[in-house]
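Engineer: need coordinates for the following:
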Amino acid sequence: MKIAWITDTAAFLTSSFIEKNNVHVLPLSVVFEEGALRETIDMTEQQFYSKLREADKHPKTAQPCFGEHVALYEQLKNEGYDCAIAIHTSSKQSGTYTSAFMAAEQAGFKTYPIDAKIGSYPMQRMLELGMELAKQGQAVENIVQAIEEMVTRSELAFIPASLENLHKSGRVSGTAMFLSNLLNMKLVIAYDDEGVCHVVHKVRAIKRAKKAVIEKLQVAMKQSAVEEVAIIHCNNSEGVASWKAELQESFPEIRFIPTSLSAAVGVHAGEGTMGLAWVRA
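Structural biologist: The predicted model follows:
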């Protein structure tokens, strides 16, 4: 079968990966006062952070336009694809996954939407697995089942740079932000099994927050092997480089790769955010 591969910019794939594997990417949007800008299309990563710093009013995020969703399915149908496998960011964080069903029905195009229940690096790993199984001639239903099983082995934990953006986004109260800043508190946020983000640790100082994230990785490694870990970040290459050196020394058997996070994450977590993401074997 001729399968189309679809995702959204929460995966934040590199342009080379997209081109090499012919992945169709629906853009999330950041809504500034002057209007909505589609990630990777209407603005680059650096342009986004520049606008975020200068914005008088904190922006909001929005799922891909439904019309673009339908148009993509109609395009794929006209191009002779038999079906599509669409891997979208957590349905608890975005309506993109739910929209996939409605868009596919409206376009009359067979689609298998998958709720990744996470964002970033694990979504690329899911795409890679699916493509490999497709090359092997596996049935579409078997491919979908394998990807959904990978969802249960995917984890992500991050440390917001500050609580200011979370407060502006309505995620924390002003009192909580004030007290946390006063006490130099850092939050560690992680996805649960249902794709919901929770605060899993409140600690003093970034060093302890990093330690908490690393301990979460170590717990995962006891369950099954972790060969590669993404050091995820919001425009914080310098911080990532320093952390990578520390991590590589502590875990020489693991390959650590710096990975930028979607602008949608930057809106809520703030510039400077860092974390780790991985998929257990």
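Engineer: for stretch 191-211, buried residues please.
Structural biologist: Neighbour-count burial for stretch 191-211 flags 191, 195, 197, 201, 203, 206, 209, 210 (criterion: 16 or more other CB atoms under 10 Å). Every residue, glycine included, has its C-beta placed from N, CA and C.
Engineer: let me see the ranges of the strands in the stretch 101-250 of the chain.
Structural biologist: Secondary structure of the stretch 101-250 of the chain, counting by DSSP state E, counting those that start in this stretch: strands at 111-115, 154-159, 185-191, 197-204, 228-233.
Engineer: just to revisit the earlier point, biggest separation within the buried residues of stretch 191-211, which pair?
Structural biologist: 195 and 206 (26.3 Å; CB to CB).
Engineer: returning to what we had before: now distance to residue 53 and mean pLDDT too, for the strands of the stretch 101-250 of the chain, in CSV please.
Structural biologist: Shown next, in CSV, are the strands of the stretch 101-250 of the chain (distance: least, CB to CB, whole Å; pLDDT from 0 to 100):
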stretch, distance to residue 53, mean pLDDT
strand 111-115, 33, 98
strand 154-159, 20, 97
strand 185-191, 21, 90
strand 197-204, 24, 88
strand 228-233, 16, 98
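Engineer: ok, and which of those has the densest surroundings?
Structural biologist: Highest mean neighbour count among the strands of the stretch 101-250 of the chain (mean count of other CB atoms under 10 Å): strand 154-159, with a mean of 24.
Engineer: and residue 194, what are its phi and psi?
Structural biologist: phi -100, psi 0 (degrees, to the nearest 10).
Engineer: kindly report the same for residue 152.
Structural biologist: Dihedral angles of residue 152 (phi, psi; degrees, to the nearest 10) stand at phi -70, psi -10.
Engineer: who's the closest spatial neighbour of residue 107, skipping the chain neighbours?
Structural biologist: Once flanking residues are discounted, residue 107 sits nearest to residue 73: 3.6 Å by CB to CB, 6 or more residues apart in numbering.
Engineer: so the one you found sits right up against residue 81, yeah?
Structural biologist: No: assessed by CB atoms under 8 Å, residue 73 is found out of contact with residue 81, at 9.3 Å.
Engineer: tell me which of the two has more neighbours.
Structural biologist: It is residue 73, of residue 73 and residue 81, that has more neighbours when counted by other CB atoms under 10 Å, with 26 against 19.
Engineer: the helix or strand hosting that one: how far from the chain's middle?
Structural biologist: Element membership for residue 73 (DSSP states H and E) is helix 66-78. Taking CA atoms, centre = their mean, to the nearest Å, one finds the center of helix 66-78 at 23 Å from the center of the full chain.
Engineer: residue 134 - how many residues pack around it?
Structural biologist: Count around residue 134 with other CB under 10 Å applied: 18.
Engineer: if I look at it, how far off is residue 262?
Structural biologist: Using CB to CB, to the nearest Å, residue 134 is found at 26 Å from residue 262.
Engineer: repeat that for residue 57.
Structural biologist: Remark: distance between residue 57 and residue 262 (CB to CB) = 21 Å.
Engineer: these two: who's more crowded?
Structural biologist: Between residue 57 and residue 262, residue 262 has the larger neighbour count (other CB under 10 Å), namely 25 against 8.
Engineer: common neighbours of residue 73 and residue 81, please.
Structural biologist: Common contact partners of residue 73 and residue 81 (CB atoms under 8 Å, 6 or more residues apart in numbering): residue 109.
Engineer: ok, residue 88 touching residue 114?
Structural biologist: Yes: here residue 88 lies in contact with residue 114, judged by CB under 8 Å, at a distance of 7.1 Å.
Engineer: okay, and for the stretch 51-200 of the chain, where does confidence drop off?
Structural biologist: Counting by pLDDT under 70, the low-confidence segments of the stretch 51-200 of the chain come to 164-184.
Engineer: now do the helices in this protein.
Structural biologist: Using DSSP state H, the helices of the chain run over residues 15-21, 45-54, 66-78, 96-107, 121-135, 140-151, 164-168, 174-182, 206-223, 237-250, 263-269.
Engineer: name the stretch among those helices that sits most buried.
Structural biologist: When you average the neighbours per residue for each of the helices of the chain (mean count of other CB under 10 Å), helix 263-269 leads with a mean of 26.
Engineer: quick check: which helices or strands does that one pack against?
Structural biologist: Counting contacts by 3 or more CB pairs under 8 Å, 6 or more residues apart in numbering; DSSP states H and E, helix 263-269 packs against strand 29-32, helix 45-54, strand 60-62, helix 164-168.
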